[in-house]
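Undergrad: sharing a sequence plus its predicted fold:
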Amino acid sequence: MADVVRVKEFVAREPDIRDSAQRNSILRRLIEGHGRRRFAGFSITSLAAGRTLWRQNATIQNVYFPLTSVISIIVSTSAGEVMEIGTVGNEGVVGVPISIDVDRAIGRAVVQFPGEAIVTSAARFRDLAIGDPAVALIINRYTYVFVRLVVQTGLCNRFHSADERCARWLLGAHDRVGTDEFAFTQDFLH
């Protein structure tokens, strides 16, 4: 956890918690009707573009709720072929396998667009997701939506042209970043 740059502790004051968490759909739902106690041990961090949060099959140490950043999940074959299977922005959470007590990463998590995220330890998230039925329900629903998006990505990769896939990717990035201009490299468009 030494590589996490803590900007401010997420347990300071109720307005800080609500203001920051409102920018992430999952946290916004978790906060509704609940006090800050639930979010002890959460903090805000800055994520640089290109930063690898964890590698494929590695142990997930932290769970990230993007606020202004976007994170790609990339899988690779033993032959070194790679494919982005999904992206997560302010609509979701990166590290969701922890919620079912699985600590191994399906793919490599790489920061696609720099920005802020709310971070907590895998252990803290596991305790919250497993110990609180309301949290488990929200995370399970998000997981279902994410799996649907991964399936849609697979279908698009198989049946749509490169131009169509690029348009879909750019529209998704636009929705997550929330601006008409954003910087990125061609690597994510393959």
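TA: It's in. Numbering: from 1, shown residues only.
Undergrad: what is the burial count for Ala105?
TA: Neighbourhood size, Ala105 [other Cβ atoms under 10 Å]: 21. Quick note: C-beta positions are derived from backbone N, CA and C, even for glycine.
Undergrad: ok, it - contacts?
TA: Trp54, Arg55, Gln56, Asn57, Ala58, Thr59, Ile60, Pro97 (Cβ atoms under 8 Å, 6 or more residues apart in numbering).
Undergrad: out of those, which are inside helices?
TA: Using DSSP state H, no member of the contacts of Ala105 falls in helices.
Undergrad: can you classify Phe125 as helix, strand or coil?
TA: Three-state assignment for Phe125 (DSSP: H, G, I helix; E, B strand; the rest coil): helix.
Undergrad: report the beta-bridge partners for the nearest residue to it once chain neighbours are set aside.
TA: Spatial nearest neighbour of Phe125, excluding adjacent residues (Cβ to Cβ, 6 or more residues apart in numbering): Val63 at 4.1 Å. Listed by DSSP bridges, the beta-bridge partners for Val63 are Thr120.
Undergrad: run a quick neighbour tally on Val63.
TA: Neighbours of Val63 using other Cβ under 10 Å come to 26.
Undergrad: that older thread, and the contacts of Ala105, which are buried?
TA: Trp54, Ile60, Pro97 (16 or more other Cβ atoms under 10 Å).
Undergrad: thanks again, I'm all set now.
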